[in-house]
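A.B. asks: What follows is a predicted structure for the sequence shown.
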Amino acid sequence: MTMALICIGALLALLAIWGIWAFNRLVRLRNQVNTAWADIDVQLTRRHDLVPSLVAAVKAYAGHESSVLQAVTELRAQAVAQQGPARLGEVESSLENALGRLLALKEAYPDLKANENFAQLQRDLVDVEEQLQYARRFYNGAVRDYRDGIQRVPDVAIARSFGFREAEFFQAADEGRAAVRVEMAR
């Protein structure tokens, strides 16, 4: 009888240790996803802060390109209002395409191309885009690891018991996957 109780006690202790280890690992993975999302948010905020200055610089030289300027401004406003990765990915992809069209205006306006303020804003935007690309990859890797963690047997029991929910991947919209087509109208 005492040997059976010792075995049951040891088994319960091992089960408790495993449960604590699994819970802590899932918390770490969830926090990694949250941190990665915060990194994306920082880069998106930097991008959103650059957009008004870029629009103002282009407006001074190419004011009649109002459709491009308006699209960029509206997409920036939509992006700032989004919270979830899936919908934000769609809006950001559209904003990225619109920014590509905006930056392409420099070819049609030589004075804009020579403007140092515009050139610096363009360099800053390229830097932000590179950082954003890295942050997106890191975030999606963190989401992948987290999803693996909450779906893996036997950890799925801990995940369900403590309310660990799947995180969304940051994905480009379908139209954002195609190459950006730039048309210059004069």
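C.D. replies: Sure thing, it's come through. Residues are numbered from 1 along each chain as shown.
A.B. asks: Which strands or helices does the helix or strand that contains residue 132 pack on?
C.D. replies: Assigned by DSSP states H and E, residue 132 belongs to helix 116-151. Packing partners of helix 116-151 (3 or more Cβ pairs under 8 Å, 6 or more residues apart in numbering; DSSP states H and E): helix 2-61, helix 85-108, helix 155-161. To be clear about C-beta, it is placed using only N, CA and C from the backbone, and glycine gets the same treatment.
A.B. asks: can you give me the angle it makes with helix 2-61?
C.D. replies: Taking axes from the mean of the first three to the mean of the last three Cα atoms, to 10 degrees, one finds that helix 116-151 is oriented at 160 degrees with respect to helix 2-61.
A.B. asks: so helix 116-151 versus helix 85-108, what angle?
C.D. replies: 160 degrees.
A.B. asks: distance between the lowest-mean-pLDDT helix or strand in the chain and the chain's centre?
C.D. replies: In the chain, no helix or strand scores lower on mean pLDDT, DSSP states H and E than helix 110-114, which sits at a mean of 73. Relative to the chain's own centre, helix 110-114 is displaced by 32 Å; criterion: Cα atoms, centre = their mean, to the nearest Å.
A.B. asks: helices and strands around it, which ones?
C.D. replies: Looks like helix 110-114 contacts helix 2-61, helix 85-108 (3+ Cβ pairs under 8 Å, 6+ apart).
A.B. asks: Please identify the most buried of those helices.
C.D. replies: helix 85-108 (a mean of 19; mean count of other Cβ atoms under 10 Å).
A.B. asks: Correct me if wrong: residue 166 contacts residue 156.
C.D. replies: No: between residue 166 and residue 156 there is no contact under Cβ atoms under 8 Å: 11.5 Å.
A.B. asks: between those two, who's got more neighbours?
C.D. replies: Under the neighbour definition other Cβ atoms under 10 Å, residue 166 and residue 156 were set side by side, and residue 156 has more, 15 against 11.
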